[in-house]
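In: fold the following and give me the result.
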Amino acid sequence: RAGESALAPLARGLGAPEAAVRERAARSLAALPADDGTTALLREVLDHPDADVRDHAALALGARGHAEAVPALVAMVAAGRRDVDAGEALSRLAGGGGGRRVLGAGSEGGVGGGSGAVGGGAGAGGDAAVRERVAGLLAGCVVPGAAEAPVRRRIAQALADIPGESARRTLTALTRDDDRGVAVTAAYGLGRRGSGGAG
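Out: Prediction:
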């Protein structure tokens, strides 16, 4: 198949010494159909030393419902690399509806599938576990004294779209942040949740 025939040159491109070549290969890989070979290679590069490669892989896996992308997506939010896209992907994975969840065909779709994709309505239990993981990792990025104000502000923005009490507790704490921008962002996020946003 076309996707399979493209994997070998893309894998080589991901290991190229030139950053531009690696980035193009990662972007092309993320655009391939969500079959087993593509997903496996995306997973392999989640810990790639090149942040651009990692980010493309994390966004692609997150869009396809694969929760192993969560740590990389949280890191993107904290670092400010495509943080809005990463936050939307985290919201989808956590069941917050941050966009349309796209699952691969066959064994990749739904809870119980062989590749660990997060499912839809029947996957409420799976979403709850992912939701707690997302909220916990985001909360870990705002440990007092360990994160600068811009990081805390981005974390507050992402938490606003994560359902559940854990995310709400962290947002509530951030409304008392010493930085006014962080506190206002957190308060706005809580208000959105109360008016029909994340629960």
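In: what comes up buried for the lowest-mean-pLDDT helix or strand in the chain?
Out: Least confident helix or strand of the chain, by mean pLDDT, DSSP states H and E, is helix 2-14 with a mean of 83. Residues of helix 2-14 classed as buried by neighbour count (16 or more other CB atoms under 10 Å): 6, 7, 10, 13, 14. Backbone N, C-alpha and C define where each C-beta goes, glycine included.
In: leaving out the residues flanking it, which one is nearest to the first one?
Out: The shortest distance from residue 6 to any residue that is not its chain neighbour, by CB to CB, 6 or more residues apart in numbering, is 6.4 Å, and that residue is residue 32.
In: and that neighbour, what is it in contact with?
Out: Residues in contact with residue 32, defined by CB atoms under 8 Å, 6 or more residues apart in numbering, are 3, 6, 7, 10, 38.
In: which one of those is nearest to residue 167?
Out: Closest approach to residue 167 among the contacts of residue 32 (CB to CB): residue 38, at 31.0 Å.
In: can you tell me the closest non-neighbouring residue to that closest one?
Out: Counting by CB to CB, 6+ apart, the residue nearest residue 38 is residue 32, at 4.5 Å.
In: per-domain residue ranges of this protein.
Out: As given by the TED database, the domain ranges for the chain are 1-64, 69-97+129-198.
In: go through those domains and pick out the most buried.
Out: Of those, the one with the most neighbours on average (mean count of other CB atoms under 10 Å) is domain 69-97+129-198, at a mean of 19.
In: residue 141 and residue 150 touch, don't they?
Out: No. Contact status for residue 141 versus residue 150: not in contact, 11.6 Å apart, counting by CB atoms under 8 Å.
In: which stretches of the chain aren't confidently modelled?
Out: Applying pLDDT under 70 to the chain flags residues 1-4, 97-126, 194-199.
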